[in-house]
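# mind folding the following:
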Amino acid sequence: MVLLAVPNGKTLSIDVNPNSTTISAFEQLVHQRTDLPQHFVRYSLRMRNPSRMFGDSKISDSVLLSDLGVCRFTTVIIHVPLLGGMQGAAPPKPRLDFLNSRPPSNYVAGLGRGATGFTTRSDIGPARAAPDLPDRSAAATAAAPGVGRGAGKPSEADDDEEAEEKGYDENQTFDEFEGNDAGLFANAEYDDDDKEADAIWEAIDQRMDSRRKDKREAKLKEEIEKYRASNPKITEQFADLKRKLHTLSADEWDSIPEIGDHSLRNKKKRFESFVPIPDTLLEKAKKEKELVMALDPKSRAAGGSETPWSQTDLTAVGEGRGTVLSLKLDRLSDSVSGQTVVDPKGYLTDLKSMKRTTDEEIYDRNRARLLYKSLTQSNPKNPNGWIAAARVEEMDGKIKAARLQIQRGCEECPKNEDVWLEACRLANPEDAKAVIAKGVKLIPNSVKLWLEAAKLEHDEGNKSRVLRKGLEHIPDSVRLWKAVVELANEEDARILLHRAVECCPLHLELWVALARLETYDVSKKVLNRARLKLPKEPAIWITAAKLEEANGNAGMVGKIIDRGIKALQAEGVVIDRENWMSEAEASERAGSVATCQAIIKSTIGIGVEEEDRKRTWVADADECKKRGSIETARAIYAHALTVFLTKKSIWLNAAQLEKSHGSRESLDALLRKAVTYVPQAEVLWLMGAKEKWLAGDVPAARAILQEAYAAIPDSEEIWLAAFKLEFENKEPERARMLLAKARERGGTERVWMKSAIVERELGNVEEERRLLDEGLKKFPRFFKLWLMLGQLEERFKHLEQARKAYGSGLDHCPHCIPLWLARANLEEKVNGVSKARGILTIARKRNPQEAELWLAAIRIELRHDNKREAEHLMAKALQECPTSGILWAADIEMTPRPRRKTKSLDALRKCDHNPHVTAAVAKLFWQDKKVEKARVWFQRAVTLAPDVGDFWALYYKFELQHGSEELQKEVLAKCVASEPKHGEKWQAISKAVENAHQPVESILKKVVIALSKEEKAA
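Residues are numbered from 1 along each chain as shown. You can find the predicted model right below:
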């Protein structure tokens, strides 16, 4: 960059590199920026270094700015030479001789008068050897020939010699850092070594800056936090008070006084002066108000022919205006109810309909008017030109001119229906019929004109008469036949359709409409005639099938569809499977279920490879289910089960469809049929037993399980299902006996666990301990048995035995997180936070990236008021588990209220579809009283994780506080249908001994109560 001082006193910056920019390029840039002539710039550059001669343009193209001593940030001063005219140069002013002579070596200015001299940096100049100053004595001056006698300045060669003698440039500017201009090496060349040195120093500076960056940023962050802590915002100071506002009642809110407007603008009192009214004004007002019954003397003298002159009563005029305005307002208002009778919507519509024409629009319309005028004159037979010209006039508000234009268009183009339709639209209502009648007379075969003529009639009889008149001229117009049939009654419509199918035998809708209006026998004949006329139309066969179904001949439906497909294939019609499935769905919507099933049965396998049939048919059924076509999906599954009788997945999908959209009887029948063909599918047996149990038929459920046991004697799932049936129906002895038989048959660890649970609920502590010990001997790596043993010892306060049980369990299952958590909770109760902290530290080392262990450590610190340590652990936890939803949810709750929104955004970026984060955001909206948003986010949370009961409890609690009774029942019903099993609070309550046989609804309400108590305690 080079600075440029121009003659007007301004300094400009020009972005050039002196080491690569030539003089000619620099002159052109300056000329473009300042409009200064290029020779002025060249003159100024020559003055910087008179030793260089570059008057020739070729030389200036090769000389660089750096050759003249110009470097980065150098100021170049533009000199404008004063060129003389006819007069010679002015003689120089006389000077004292001693000023031009060399001073003595020991001379100090002011020493003779007692002044003490001193030397500054500017006196010394740059740090270089002092040059020998030239001799400026009178003799030396006189030796220069021509100077002072009008011969001009010395030659350029003399200037070069003088500059060489000086050894420095007088025009150099002083720099604070580098001295005069660029220092000692101002005139040196900038070579590759200099460039490399600058790059090295710059890299060193960047490296030094990066080494101190973290420390500097940490220090800055600490100062900012300290400043914010000492200077909090107003919103943060009153945050706790605002949080307590939710406890105010509605009456307390209403009792809060209004602050009013206490601004200075309203405090300024206006000076009011009261001046007494003069008597003359009162007398004048009295005379103007009084009623005079006689003529004044002036009028009487003139015979009463002169009108007396009087002054205008402005008060009376104002009163009159007010009276008129009140009358207008009274007319616009309802005197009974006090409500206005003016339609505000209509008034706003009228305002919007008002067109404000700008000058540009007027200009455009005038141009369009001239253009269309030229078009209609050059080509008068073009109807579009007349229509466009008429619409321009209509847009301009000149309706009469528009009618004249379209009238001329009708005269020029009498055989064009569009012109007549436009003329009918622009005509008055009373003239429109005459216009359309004239058009119909000239163009009797125009369907549009006949339909427009019928539309202008208000009586249905006249409309039908006009349409029939049109059919006399155009008997093959389907639109006219449809219009006249829509206006006729059923009997007349049947007659008209008979005539219509004769005139338009290739139109399918007329045949179908006639078949629907006729009787059963006549409809069959009509459809047979239509099939002969339209042999490639599948809709005729579908209509025939619907006709048979409607008349109770369901057996004929499938035959008609099969025959129709064969006939269509014989005619060369390609059977499109997707189109026929769409027809099946349309038949279902029309109520023709048998037709829908027949279409699916006949067409579902067309165009499908044998190995792709199962996958394709299941996908088709799912798509139909999504679109709400349940009967179509049921028909697809029914046909698939006839082909794949032993496919368990298809039976399961069909059973799920019946469970969601069918009845209990249809589901039971389907499951009975399924277990007949797939007796080894235990899931089908269990589904049937569960449906009977939910219906309240426990003996039937027992019978199904007995049949299942006979079919699959070694199935543990059936044993456990039978145990659950007896246990939930409060038959503990039956349940205990079933589990004993299962253990004798070599049951798995689940059987031993269920056995211990039964004994725990029955209160047999010793039997429970015995079963757990035996189970652990057989299955030492099943952590749930160790966990139950430790909980058993904790219930009876045998804390040392509980610690041993958890320790043994961890020895066998070192990666079991529930065992580590139980051990840490026990140590916290017995030995305090230090021991629990150590246990969790060991657990995290053995099981890295386990969010539950980090969360337990954080909660322990929070329970003991170690908030700083909890925040430190949370930061480490999020570094190790950046996508853990439970950690982000806990972090949102730990964050101060003003920063929770930002924290929730960070959490959503890391784990968008995590239900824990979603529930935390919903709670945030709940706290901010944003009810609708909170409801949406709670719905999203229970949709993402319907098996977590804690989310259902939060959602139900929210609806209890803000929702209606219908919404509360809806949430309760959805929770019961989802049957949640997991959740920290949910499992703690549902697995308690006292809540063993409680329904989901009861568990949900207890969890809500526990959440309310926890919130009050916090």
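# could you look up the SS state of residue 189?
For residue 189, the reduced secondary structure class is coil; criterion used: DSSP: H, G, I helix; E, B strand; the rest coil.
# for it, give me the pLDDT.
pLDDT for residue 189: 75.
# quick one: residues contacting it.
Residue 189 makes contact with residue 66 under the criterion C-beta atoms under 8 Å, 6 or more residues apart in numbering. No exception for glycine: its C-beta is placed from N, CA and C like everyone else's.
# and it, how close does it get to residue 1003?
Applying C-beta to C-beta, to the nearest Å, one obtains 89 Å for the distance of residue 189 from residue 1003.
# what number of residues lie near residue 880?
Residue 880 has 14 neighbouring residues, counting by other C-beta atoms under 10 Å.
# my guess is it meets residue 849, correct?
Yes: with contact defined as C-beta atoms under 8 Å, residue 880 counts as touching residue 849 (5.7 Å).
# lowest confidence element among the helices and strands of this protein?
For the chain, counting by mean pLDDT, DSSP states H and E, helix 138-142 ranks last in confidence among helices and strands (a mean of 39).
# next, residue 572: secondary structure please.
Under the three-state scheme (three-state DSSP), the conformation of residue 572 reads as coil.
# dump the residue contacts of it.
For residue 572, the contacting residues are residue 536, by C-beta under 8 Å, 6+ apart.
# for it, what are phi and psi?
Dihedral angles of residue 572 (phi, psi; degrees, to the nearest 10) stand at phi 90, psi 20.
# got it, and residue 796?
The phi/psi pair for residue 796 (degrees, to the nearest 10) reads phi -100, psi 20.
# please name the nearest non-neighbouring residue to residue 455.
Take residue 455 and drop its neighbours on the chain: the residue closest to it by C-beta to C-beta, 6 or more residues apart in numbering is residue 463, 7.8 Å away.
# gap between that neighbour and residue 658?
Distance of residue 463 to residue 658, computed by C-beta to C-beta: 52 Å.
# and stretch 711-722, which residues are buried?
Residues of stretch 711-722 classed as buried by neighbour count (16 or more other C-beta atoms under 10 Å): 711-712, 715-716, 718-722.
# report the two of the residues you listed separated the most.
Taking C-beta to C-beta as the measure, the buried residues of stretch 711-722 reach their widest spread between 711 and 720, a distance of 16.3 Å.
# residue contacts, residue 602?
558, 561-562, 565, 580.
# pLDDT wise, what is it at?
Residue 602 carries a pLDDT value of 90.
# i'd like the first residue to be 50 from this point on
From this message on, residue numbering opens at 50, which makes the last subject residue 651.
# then the helix or strand in which it is found to PDB, C-alphas only?
For residue 651, the enclosing helix or strand under DSSP states H and E is helix 642-652. Provided in PDB are the C-alpha atoms of helix 642-652 (Å, rounded to 0.1, in the frame of the first residue of the first chain):
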ATOM      1  CA  VAL A 642     -65.800 -55.400   0.400                       C
ATOM      2  CA  ALA A 643     -66.400 -58.600  -1.600                       C
ATOM      3  CA  THR A 644     -65.400 -56.800  -4.800                       C
ATOM      4  CA  CYS A 645     -62.300 -55.500  -3.100                       C
ATOM      5  CA  GLN A 646     -61.300 -59.100  -2.000                       C
ATOM      6  CA  ALA A 647     -62.000 -60.500  -5.400                       C
ATOM      7  CA  ILE A 648     -59.800 -57.900  -7.100                       C
ATOM      8  CA  ILE A 649     -56.900 -58.600  -4.700                       C
ATOM      9  CA  LYS A 650     -57.200 -62.300  -5.100                       C
ATOM     10  CA  SER A 651     -57.100 -62.100  -8.900                       C
ATOM     11  CA  THR A 652     -54.500 -59.400  -9.400                       C
END
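# now that helix: buried residues?
If you call a residue buried by 16+ other C-beta under 10 Å, then helix 642-652 has these buried ones: 642-652.
# next one: that helix to chain centre, how far?
For helix 642-652, the distance from its own C-alpha centre to the chain's C-alpha centre is 44 Å (C-alpha atoms, centre = their mean, to the nearest Å).
# cool, and stretch 243-251?
Stretch 243-251 has its C-alpha centroid displaced from the chain centroid by 50 Å (C-alpha atoms, centre = their mean).
# avg pLDDT for that stretch?
Predicted confidence along stretch 243-251 averages 87 (mean pLDDT).
# for stretch 763-775, same thing?
So the average pLDDT for stretch 763-775 ends up being 83.
# all helices of the stretch 550-699 of the chain, in order?
With DSSP state H, counting those that start in this stretch applied, the stretch 550-699 of the chain shows helices at 557-566, 569-582, 587-599, 603-619, 626-638, 642-652, 662-675, 679-692, 697-710, listed in chain order.
# most tightly surrounded among those?
When neighbours are counted by mean count of other C-beta atoms under 10 Å, the highest per-stretch mean among those falls to helix 642-652, a mean of 24.
# so residue 469 is in contact with residue 492, correct?
Yes: under the criterion of C-beta under 8 Å, residue 469 lies in contact with residue 492, with a separation of 7.1 Å.
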